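J.: need the 3D shape of this:
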Amino acid sequence: MALILGIDPGSRVAGYGVIQAAGNKLQYVASGCIRVDTSRDLAYRLRQINESVTKLIEAIEAAVVKDIPVYKYAARSVKQAVTGKGSADKQQVQKMVQTLLKLPGCPQEDALAIAICHANSTQNLLSRAGAHGQRSGV
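T.: Below you'll find the model as predicted:
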């Protein structure tokens, strides 16, 4: 079982989504947006985002200082992992996220899709490794 934090970075608004993945079963945990003071300079806004993300990570009892790996996915890869179509539009991705996580409404943040992409990527790697291990007798 893994707790996955997806972050959709932005200099004005950063989205986040947290899911729990157990095998191919996904469960929604939390999501939202980090809004910053747009009247301030970029460095200040990035500091605000960093502080908010740090608090979020601490709230789910995980921290970068514990050597938790960080992954980055291209938008096309996220769309492909969630909808099966790399050219899917935002509404298609939102609808699939809603369906996969059994949410009452479509989420506005892309971060849940990013977290699902990671869960699917990790699961695919594990299943390939398992299949390879079985063939080789390991």
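
J.: average pLDDT across the helix or strand that contains residue 45?
T.: According to DSSP states H and E, residue 45 maps onto helix 42-59. Averaged over helix 42-59, pLDDT sits at 86.

J.: ok, now stretch 95-115?
T.: Stretch 95-115 comes out at a mean pLDDT of 92.

J.: show me how far that stretch is from its chain's centre.
T.: Taking C-alpha atoms, centre = their mean, to the nearest Å, one finds stretch 95-115 lying 10 Å from the centre of the chain it belongs to.

J.: what lies in contact with it?
T.: 4-8, 15-19, 26-28, 31-33, 73, 78-79, 81-83, 88, 90-91, 93-94, 116 (C-beta atoms under 8 Å, 6 or more residues apart in numbering). From N, CA and C alone the C-beta is placed, and that goes for glycine too.

J.: mind listing the helices for the chain?
T.: Remark: helices assigned in the chain by DSSP state H are 42-59, 75-83, 90-101, 111-136.

J.: just name the most buried of the ones you listed.
T.: Mean neighbour count (mean count of other C-beta atoms under 10 Å) peaks for helix 75-83 among the helices of the chain, with a mean of 19.

J.: just want the angle from it to helix 90-101.
T.: 40 degrees (axes from the mean of the first three to the mean of the last three C-alpha atoms, to 10 degrees).

J.: how near is residue 77 to residue 86?
T.: Between residue 77 and residue 86 the computed distance is 7 Å (C-beta to C-beta, to the nearest Å).

J.: residue 44 too?
T.: 36 Å.
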